[in-house]
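Chemist: Got a sequence here, can you build the structure:
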Amino acid sequence: QVQLVESGGALVQPGGSLRLSCAANGFRLDAYAIGWFRQTPGKEREQVSCISASDGSKYYSNAVKDRFTVSRDNAKNTAYLQMNSLKLDDTGVYYCATSKGGDACRWRTNEFASWGQGTQVTVSS
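Modeler: Residues are numbered from 1 along each chain as shown. From the prediction side, this is the model:
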């Protein structure tokens, strides 16, 4: 079964940090660019980052740039999203997905597939 599994979400105070993981089951992650997204109730799913498979290029939305870092460990078949200086607005369910463009990043939700089930991040004091 081809599947992505996110983990690492938690309740954290503003200013805190979390690292999310995205593990691939049933396929090799190293052939795909990986996108990270988040969603809150009543809002559309928002892409926050992408890491390519070809050269490891990294992309971020303005909302998370300079606070989040995306990475991948192909040997572990896992991608990561390190989130620092967390804000209340970072609260949401975070998802990872594979790019339909193969090893190249895309910046549209409908250009991603193999979505995981998501992991909840709650930033609250």
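
Chemist: low pLDDT regions in this protein?
Modeler: Along the chain, the parts satisfying pLDDT under 70 run over 1.

Chemist: Grab the most central residue of it for me.
Modeler: W36 (2.5 Å; Cα atoms, centre = their mean).

Chemist: tally of neighbours for R106?
Modeler: If you count neighbours by other Cβ atoms under 10 Å, R106 ends up with 19. C-beta coordinates here come from the backbone N, C-alpha and C atoms, glycine included.

Chemist: same thing with G9?
Modeler: When neighbours are defined as other Cβ under 10 Å, G9 has 18 of them.

Chemist: Next SSE downstream of the helix or strand hosting the residue nearest to the centre of the chain?
Modeler: Secondary structure assignment for W36, by DSSP states H and E: strand 34-39. Following strand 34-39 in sequence order, the next helix or strand is strand 46-51 (DSSP H and E).

Chemist: Given that following strand, what are its sheet partners and their directions?
Modeler: strand 34-39 (antiparallel), strand 58-60 (antiparallel) (DSSP bridges).

Chemist: And it, how far out from the chain middle?
Modeler: Chain-centre distance of strand 46-51: 6 Å, with Cα atoms, centre = their mean, to the nearest Å.
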